[in-house]
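# here are the coordinates; sequence isn't available:
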């Protein structure tokens, strides 16, 4: 079994634009892959190829064991799709939408109706089940959309930017629903621009840019692989900030950064908690009063910027990219 | 291969049946029902597509009929009867083309087409469901137009079976034009473009025909176009079957074999546009 989703060398061009430029992916059964990348990187095109909506110009892909080009109907029977480009009918009620989709999957009228009722309960939509979905709030609509993708309990799910435009509460509800789904053994491929979302939901992350996968790994691996930790010190008294900076430069890999408005000195370091203890000792020895000190790993946001836009990352010195990072794994 | 259709454990969902002719019909029924529900929930569309032809019928019947004359037929009363077959055809053509093209373009833009294409539906069921719903709407339109026609003096002279045949030909032509609309809807990038684009072919189709004037009164190239216009054959056949005046206004070959020509045109238009539309639908990106 090559994995619930397996793609090799996917290429798709639109005129001059190479939307996909050799995408390789494997998502093991029951796991979650987050596809991360800036706008136009090729995330959505990848999902469209894997869900049989677009034929690739080159390369092969199987989903749930079926080839997306040669057996698209088998693939369609095994997948659920939800996201920015797969809509619900705004004039039909939530219930009618779910029943319609169930019947189009091939359920008879009665099982389709039963399944619609189950999903409405599960997604907390029962009280609005008989209202046009056009009157739903963004969060309700997204939940209905997710329910539509679950009508036949697909073995592989695709969620394209599931929480775009949702308020924090709706987003948490959606994440809970996704957790339950994955807990039940569904394989999930998720695209997102929200790194927090990928960090929260995905075991594996593939970073896509210019139609290629430029890095892949667990969120932890990506964070350690692409940039280092920083010591951040906030001094109690502003006049001690320069002394702090020169002291920190003894430990730092590069000259520390000074942010006077926040009385913050940050220095990229190579070392763990023991180094932090040393720094604290040295600061105390120099009589510098600190209000806060932390050893911080880069956020996924910084990793993302470091990977997709090294120039920007270099300018802000937020993260360092090791030369090999962009050709890593693939 | 039954295993392939099995889905994970569940109460309501046990197995998905493999594709079959039954599934194809059911897919069309499901999509048709969806389009009819939308139609009922937005009644403005149906109502507005009726108001315009009714206004036109009244204008033509009481304002213009006096100044129009038919070669070899009578005065305003004859023209009122003559024009109704033309209005039936025009009403159907305008309503069906805008429904199907704007409806398809909307589905494309809203992402419904993507949703449907990601489902294990029979190919083309979404499009056929669109045209069948339009056909249902056309039946309603025709019924209302008949009421309007009876008020202005139009009558059926050859009995109900022939009249029924006339309506069947009109509805079949409407069904064919619905496929033209589907093809246009899938080919443009915005519903607005579909709506505007329709006028480019609907006005020539309905006015450069025998719907409101006798082609024999036109100069040669226009007359030829009007005589071979698919709509002319349908209108001519409907007039013959209704027994309305002005039937013998043309000696052109298509007018002499109107019912056959209408039938052939409708089938050819439907098949060609359906083939092209299904191809576009499959590759719609």
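Received, thanks. All values reported here derive from a predicted model rather than from experimental measurement.

# When you work out contacts or count neighbours from here on, use the C-alpha atoms and nothing else.
Noted.

# Quick one: name the residues of chain A near chain B.
Contacts of chain A with chain B, taken as C-alpha under 8 Å from any C-alpha of the partner chain, map to A:51-54, A:73-74, A:76-78, A:81, A:85-89, A:91-92, A:100-101, A:103-107, A:111-112, A:114-115, A:152-155.

# Which members of these are positioned in strands?
If you go by DSSP state E, the residues of chain A next to chain B have residue A:81 in strands.

# Kindly tell me how buried residue B:52 is, as a neighbour count.
Residue B:52 is flanked by 11 other residues according to other C-alpha atoms under 10 Å in any protein chain shown.

# Please report the separation between the first and final residues of stretch A:291-304.
30 Å (C-alpha to C-alpha, to the nearest Å).

# Can you list phi and psi of the residue sitting nearest the centre point of chain A for me?
Nearest residue to the geometric centre of chain A (C-alpha atoms, centre = their mean): residue A:198, 3.0 Å. Main-chain dihedrals, residue A:198, degrees, to the nearest 10: phi -60, psi -40.

# Tell me what the closest residue to it other than its chain neighbours is bridged to.
Leaving aside its chain neighbours, residue A:198 sits nearest to residue A:34 (5.5 Å; criterion: C-alpha to C-alpha, 6 or more residues apart in numbering or on different chains). Taking DSSP bridges, one obtains residue A:190, residue A:205 as the residues bridged to residue A:34.

# Next up, the contacts around residue A:34.
The contact partners of residue A:34, taken as C-alpha atoms under 8 Å, 6 or more residues apart in numbering or on different chains, are A:189, A:190, A:191, A:192, A:198, A:201, A:202, A:203, A:204, A:205, A:206.

# I'd like the distance from it to chain B, if you could.
As judged by C-alpha to the nearest C-alpha, to the nearest Å, residue A:34 and chain B stand 21 Å apart.

# How many neighbouring residues does residue 20 have?
Picking chain A for this. Count around residue A:20 with other C-alpha under 10 Å applied: 27.

# other chain: chain B
10.

# Include pLDDT when you put the contacts of residue A:34 into CSV, please.
CSV is the format used below for those (pLDDT from 0 to 100):
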residue, pLDDT
A:189, 95
A:190, 92
A:191, 92
A:192, 86
A:198, 85
A:201, 89
A:202, 90
A:203, 87
A:204, 91
A:205, 91
A:206, 92
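
# tell me which of these is nearest to residue A:269?
Ranked by distance to residue A:269 (C-alpha to C-alpha), the contacts of residue A:34 are led by residue A:205 at 25.1 Å.

# The closest one contacts residue A:31, doesn't it?
No. Using C-alpha atoms under 8 Å, residue A:205 is not in contact with residue A:31; the gap is 11.1 Å.

# out of the two, which sits in the busier spot?
residue A:205 (26 against 19).

# Can you show me the strands along chain B?
Going by DSSP E, chain B shows no strands.

# Identify the residues contacting the residue most central in space within it.
Nearest residue to the geometric centre of chain B (C-alpha atoms, centre = their mean): residue B:174, 2.1 Å. Contacts for residue B:174 (C-alpha under 8 Å, 6+ apart) come out as B:89, B:92, B:93, B:96, B:135, B:138.

# just residue A:59 next, same as before
Contacts of residue A:59 by C-alpha under 8 Å, 6+ apart are A:7, A:8, A:9, A:10, A:11, A:22.

# residues making contact with stretch A:252-263?
A:234-238, A:241, A:245, A:248-249, A:264-270.

# Going by distance to chain B, which of these wins?
Comparing the contacts of stretch A:252-263 against chain B with C-alpha to the nearest C-alpha places residue A:268 closest, at 46.0 Å.

# And for that closest one, the neighbour number?
27.

# So it versus residue A:242, what's the distance?
17 Å.

# for the closest residue to residue A:185 other than its chain neighbours, helix, strand, or coil?
The shortest distance from residue A:185 to any non-neighbouring residue, by C-alpha to C-alpha, 6+ apart, is to residue A:30 (4.9 Å). Assigned by DSSP: H, G, I helix; E, B strand; the rest coil, the conformation of residue A:30 is coil.

# And residue A:179, what's its pLDDT?
For residue A:179, the pLDDT comes out at 87.

# what about it, neighbour count?
Count around residue A:179 with other C-alpha under 10 Å applied: 14.

# Which residue is the nearest non-sequential neighbour of it?
residue A:201 (7.5 Å).

# Give me the contact list for stretch A:177-190.
A:4, A:27-35, A:123, A:154-162, A:201-202.

# distance between the ends of it?
Counting by C-alpha to C-alpha, you get 14 Å between the two ends of stretch A:177-190.

# now the nearest residue to residue A:231 once chain neighbours are set aside, what's its secondary structure?
Using C-alpha to C-alpha, 6+ apart and skipping residues adjacent in sequence, the residue nearest residue A:231 is residue A:295, 4.6 Å away. Here residue A:295 is recorded as strand under three-state DSSP.

# Wasn't residue A:267 part of a helix?
No. Counting by three-state DSSP, residue A:267 is not part of a helix but strand.

# What pLDDT is listed against it?
85.

# What segments of the stretch 51-200 of chain A are helices?
A:72-78, A:94-105, A:109-122, A:138-149, A:168-183, A:195-201 (DSSP state H, counting those that start in this stretch).

# hmm, back to that, mind checking which of the contacts of residue A:34 are buried?
For the contacts of residue A:34, a burial check counting by 16 or more other C-alpha atoms under 10 Å in any protein chain shown picks out A:189, A:190, A:191, A:192, A:198, A:201, A:202, A:204, A:205, A:206.
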